[in-house]
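Student: I would like the atomic coordinates for the input below:
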Amino acid sequence: KMLNIAQKLLDRNSSRTMPSKTRSYNRVIALLVISAALPVAESFGIAGDSLRGKHSLIKSLPKVPQLAHSSPLFVANAQDAETIDSPFVKNLDAEMKKAQKKREIYQKKLSTFESRLEQLEQKKQEYLQGTKLGEINNNFTETTLRSAVKAMMWRVIAGSVTFITSLKVSGSMAVALKIVGSDFFSKAFTMFLGERIMNKSQAGRKTGADSTGRSVAKALIWRLFAICNTLTVSFFFAGNLKMAGKIAGSDAIFKTALMVFYERVWAKIEWGKEYSVEFSI
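Tutor: Sure thing, here's the model as predicted:
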C-alpha cells in the first residue's frame, strides 16, 4: 500500500498543471516512503523492477536481494539453523549431542532393568504355579560375602580357643600369640575357600537351609584339615612335636562340637542366601 501511494504521488508529478513547489513536495514524500518500504518489499519478493524502470530517481536506490522464503511471515527452521555459522548454534549442537548420548546410555540401562524385571516376574509366576502343581525343593547358594563373614567370625571364635589351649600347653604368651596369629590368617583363607567349594554342592539343602547332617559333615571335614594346620604351625613355633600334638588335639572334640553349633546358627540366617527353586510333581 505504501508503494502504491508513492507511485500515485510520482504519477501526479507528471502533470504540467501542477505547481513546481507541489511537485517537489510530492517527490520528497514519495522518495521517503519508497526508501522505507521498497527494500523490505523487494526482500520478500513483493515489488518488482517495474517501479524502478518507470522512475529514474528510484533506480538510484540500492536493490535488496530477495530472501529465500516462501512467505513474508516466516520463522527460522532447522535447515536455517544449520546454515548459520554462529557460536551460539554450535554450542546448541554440542549440547544436543551430549543429551543424545546420555539418552542412549539411560535407554540401555532402562532396557536392562526391564529385562531383569521380566525375569523376576517369570520366576515369580513359575514359583506360584509350582506351589499349586506339586512339591518345591528350595535349593540355594550362598553369596561370596556370606562365606567371607562366616569364615572370619569362626576364626575369631576358634582362634580364642586356640589361644587358651596354646597358652595352657606351652606356658608362653609369645608362643601362643604367634600360633594364633599365623593360624588366624591361614585358616581364615582356607575356610573361605572351603565354604565356596561346599557351596557348589546342594546336598542337604532341600528345605531352604543346611540340614544337620550337612553341618556335621562340614565340621568333621574342616576339623581334619584344621588339626593338620595347627599341628604344623605349633611345631614350627614351639619346636616340640609332643607339645604341638597336644595343642592340635586337645581341643579337637570341643571345636568340632562348637562348629556344628555354629553352622546350625548360620543355617537359620537368611542373609546372603540366593534361592534357586526347583519343581517336582
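Student: Now tell me what touches stretch 149-161 from outside.
Tutor: For stretch 149-161, contacts defined as CB atoms under 8 Å, 6 or more residues apart in numbering pick out 180, 183-184, 187-189, 191-192, 195, 226, 251, 254-255, 258-259, 262, 266, 272. Every residue, glycine included, has its C-beta placed from N, CA and C.
Student: Show me just the buried residues among those.
Tutor: 180, 183-184, 187-188, 191-192, 195, 226, 251, 255, 258-259, 262, 266, 272 (16 or more other CB atoms under 10 Å).
Student: now, which of the residues you listed lie within helices?
Tutor: The members of the buried ones among the contacts of stretch 149-161 that map onto helices under DSSP state H are 180, 183-184, 187-188, 191-192, 195, 226, 255, 258-259, 262, 266.
Student: farthest pair in the buried ones among the contacts of stretch 149-161?
Tutor: Within those, Asp251 and Gly272 form the most distant pair, 28.3 Å apart (CB to CB).
Student: and Glu274, that's in a strand?
Tutor: Yes: under DSSP: H, G, I helix; E, B strand; the rest coil, Glu274 falls within a strand.
Student: Now do the same contact list for it.
Tutor: Glu274 touches Phe140, Thr141, Glu142, Thr143, counting by CB under 8 Å, 6+ apart.
Student: can you do 6 Å?
Tutor: Thr141 (CB atoms under 6 Å, 6 or more residues apart in numbering).
Student: Dig out what it forms beta bridges with.
Tutor: Bridge pairing for Glu274 (DSSP bridges) gives the partners Thr141.
Student: How much space separates it from Gln129?
Tutor: Going from Glu274 to Gln129 by CB to CB, to the nearest Å gives 21 Å.
Student: residue ranges of the helices in the chain, please?
Tutor: Using DSSP H, the helices assigned to the chain run over residues 2-12, 20-43, 50-54, 56-59, 78-83, 87-133, 144-170, 173-198, 212-238, 241-250, 252-267.
Student: TSV for these, including distance to Gly204 and mean pLDDT?
Tutor: Converted to TSV, these look like this (distance: least, CB to CB, whole Å; pLDDT from 0 to 100):
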stretch	distance to Gly204	mean pLDDT
helix 2-12	100	66
helix 20-43	90	67
helix 50-54	104	52
helix 56-59	106	52
helix 78-83	68	50
helix 87-133	21	84
helix 144-170	16	88
helix 173-198	10	84
helix 212-238	3	84
helix 241-250	28	76
helix 252-267	10	90
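Student: Looking at those, which is nearest to Arg205?
Tutor: Here helix 212-238 is closest among the helices of the chain (CB to CB), at 7.1 Å.
Student: list the buried ones in that closest one?
Tutor: Buried-residue list, helix 212-238, by 16+ other CB under 10 Å: 214-219, 222-223, 226-227, 229-231, 233-235, 237-238.
Student: ok, now stretch 86-98?
Tutor: Buried residues in stretch 86-98 (16+ other CB under 10 Å): none.
Student: coming back round to it: closest one to Asp210 out of the ones in helices among the buried ones among the contacts of stretch 149-161, please.
Tutor: Trp266 (7.6 Å).
Student: Who are the contact partners of that closest one?
Tutor: Contacts of Trp266 (CB under 6 Å, 6+ apart): Lys150.
Student: ok, now with 8 Å
Tutor: Lys150, Asp210.
Student: just Lys178 next, same as before
Tutor: Phe237.
Student: what's the answer for the one 4 residues further on, then?
Tutor: Taking CB under 8 Å, 6+ apart as the contact definition, Ser182 lies against Val233, Phe237.
Student: please redo it, this time with the cut-off set to 7 Å
Tutor: By CB atoms under 7 Å, 6 or more residues apart in numbering, the contact set of Ser182 is Val233.
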